[in-house]
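sequence unknown, structure follows:
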């Protein structure tokens, strides 16, 4: 009988189904096409058997659940509940795992050796502070899309751990990304009996509004650069403005990466930070490895930086820390990426301009080049974007201006016949 059970719900008119029904009838079970059948035991006792079909799992294997009830009414009710549970992505009761979401997430993040150190640290923070305190006690098999949807709603209202209020939509999307990937991997794990990811459907995600860039004017940018003169941050700010490199890429630059004679600068690594520890990491994509040609103002700034380091090295002697890095503290020690933010804000205050992020200097590079009519493909390569669509979408307000400028230029490309250049006359 078991040989034919897998094809039971697929085709009630098939030969296998008819043979299966005859065998069941011979054994004292009266089969119906809706998955509920009467069963008569040797003693004459009557019971009702039901089979619920949940479709197929992500590996193509059919999901079913069976049970026995004393009456046909109870059997139909039990079958209906089981079918609803299976459609929601829950494991059949007989196959449910006792593994909790908290236990699985901790095991999952520990095994994600493919993630960067900072990314894994960030994921661990989200798991321990956001996911586990709210829904970590649920068994994997009892998680449903409605439970997860309610969890997201709670995060938006009261998700902050350090203050009152909810998380930003972007933070909830990060939670969703982590949870979805972890549950997807639970389905694929041989020793975790989760037949379906409950997040496949029925989840409404918050909408993230695109924020406008808060960029300084040319005059304000010049004031920031002037406020950094003769400080540790002078060369760093200038090179950031005229290369568009990320802060981690800048702090990982070595003197071997730059040729001051030709002005070529090669970016091939980045400096990350976890806690108070810094570490070198590889670029996320191949496009992150790139060689830029520096303008004269950046080359001159690097020459002054080299002279400043030599003066510090001579002054401190053995107390100077040799690292080969271009941008360092006065004693040669590494500048931590997170320390840049507060120090850059001090420069803004010193220049008496509005506070902007250090990362906004990267945006300034792109905007200035676009406004100068530089080909977006060149800008994509300088910024290290993998896809040119990223460049065009991020700076769409500038490209809109370029569209208008292009339209204005087209007006004078061809001579216009006199009859086409006359005003429109309405009839």
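It's in. Since the structure is predicted, the reported quantities are computational estimates derived from the model, not experimental observations.

could you give the mean pLDDT of stretch 406-415?
Average pLDDT, stretch 406-415: 72.

likewise stretch 331-348?
pLDDT averaged over stretch 331-348 gives 92.

list the buried ones in it?
Under the neighbour-count criterion of 16 or more other CB atoms under 10 Å, stretch 331-348 has 332, 334, 335, 337, 340, 344, 347, 348 buried. For the C-beta atoms, the positions are set from N, CA and C on the backbone; glycine is no exception.

please apply the same query to stretch 291-307.
Across stretch 291-307, burial judged by 16+ other CB under 10 Å covers 292, 294, 298, 299, 301, 302, 305.

may I ask which helix or strand encompasses the fifth one?
Secondary structure assigned from DSSP states H and E places residue 301 in helix 296-316.

now that helix: how far from the chain's centre is it?
In terms of CA atoms, centre = their mean, to the nearest Å, the centre of helix 296-316 is set 39 Å apart from its chain centre.

that one packs against which elements?
helix 234-243 (3 or more CB pairs under 8 Å, 6 or more residues apart in numbering; DSSP states H and E).

next, the angle from the helix it packs on to helix 296-316.
160 degrees (axes from the mean of the first three to the mean of the last three CA atoms, to 10 degrees).

the next helix or strand after helix 234-243 - what's its average pLDDT?
Where DSSP H and E defines the elements, the next helix or strand beyond helix 234-243 is helix 247-251. Helix 247-251 carries an average pLDDT of 94.

quick one, helices of the stretch 251-400 of the chain?
296-316, 339-351, 360-371, 376-383, 388-394, 396-410 (DSSP state H, counting those that start in this stretch).

brain fart, the stretch 1-150 of the chain
Assigned by DSSP H, counting those that start in this stretch, the helices in the stretch 1-150 of the chain fall at 2-5, 15-26, 72-87, 101-110, 117-126, 132-135, 145-158.

so how far is residue 186 from residue 323?
Going from residue 323 to residue 186 by CB to CB, to the nearest Å gives 43 Å.

for residue 284, same thing?
26 Å.

so those two - more neighbours on which side?
The residue with more neighbours, out of residue 284 and residue 186, is residue 186; 23 against 12, by other CB atoms under 10 Å.

which outside residues touch the particular helix or strand that has the more buried one in it?
Taking DSSP H and E as the criterion, residue 186 maps to helix 169-188. With contact meaning CB atoms under 8 Å, 6 or more residues apart in numbering, helix 169-188 is reached by 57-58, 104-105, 108-109, 123, 126-127, 130-131, 140, 143, 148, 152, 155-156, 159, 167, 192, 194-199, 203, 205-209.

out of these, which are buried?
Judged by 16+ other CB under 10 Å, buried ones among the contacts of helix 169-188: 57, 104-105, 108-109, 123, 126-127, 130-131, 140, 143, 148, 152, 155, 159, 167, 192, 194-199, 206.

as TSV, the buried residues of stretch 291-307 with pLDDT would be great.
Shown next, in TSV, are the buried residues of stretch 291-307 (pLDDT from 0 to 100):
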residue	pLDDT
292	94
294	94
298	94
299	95
301	95
302	96
305	95
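
mind putting those into CSV with distance to residue 243?
Shown next, in CSV, are the buried residues of stretch 291-307 (distance: CB to CB, whole Å):
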residue, distance to residue 243
292, 5
294, 7
298, 7
299, 11
301, 11
302, 11
305, 14
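
output the helices of the stretch 1-150 of the chain as a markdown table; include the columns mean pLDDT and distance to residue 379.
Below are those laid out as a markdown table (pLDDT from 0 to 100; distance: least, CB to CB, whole Å):
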| stretch | mean pLDDT | distance to residue 379 |
| --- | --- | --- |
| helix 2-5 | 44 | 62 |
| helix 15-26 | 53 | 64 |
| helix 72-87 | 81 | 49 |
| helix 101-110 | 93 | 37 |
| helix 117-126 | 91 | 27 |
| helix 132-135 | 92 | 42 |
| helix 145-158 | 91 | 36 |
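
nearest to residue 269, out of the ones you listed?
Closest of the helices of the stretch 1-150 of the chain to residue 269 is helix 117-126, at 13.7 Å (criterion: CB to CB).

what residues are up against residue 154?
Each residue near residue 154 by CB under 8 Å, 6+ apart is listed here: residue 134.

low-confidence regions, this protein specifically.
Residues of the chain meeting the criterion pLDDT under 70: 1-33, 57-59, 88-98, 193, 397-403, 412, 416-427.

max-length strand in it?
Longest strand in the chain, counting residues (DSSP state E): strand 46-56.

can you list the strands that it pairs with?
strand 36-40 (antiparallel), strand 62-69 (antiparallel) (DSSP bridges).

list the contacts of it.
5, 8-9, 29, 35-41, 62-72, 74-76, 78-80, 82-83, 86-87, 92, 195-196.

same thing with stretch 207-219?
Contacts of stretch 207-219 (CB under 8 Å, 6+ apart): 169-170, 173, 224, 353-354, 356-357, 360, 363-364, 367, 397.

ok, the residues you listed vs residue 385, which is closest?
residue 363 (12.4 Å).

list the contacts for that closest one?
Contact partners of residue 363, counting by CB under 8 Å, 6+ apart, are 213, 215, 394, 395.

go again with 6 Å.
213, 215 (CB atoms under 6 Å, 6 or more residues apart in numbering).

can you check the one 3 residues further on too?
Going by CB under 6 Å, 6+ apart, residue 366 touches 379, 395.

cutoff 10 Å now
By CB atoms under 10 Å, 6 or more residues apart in numbering, the contact set of residue 366 is 213, 215, 244, 374, 376, 379-380, 382-383, 385, 391, 394-395, 398.

repeat that for residue 265.
Residue 265 makes contact with 239, 243, 245, 253, 257-259, 290-294, 298-299, 302, 326, according to CB under 10 Å, 6+ apart.
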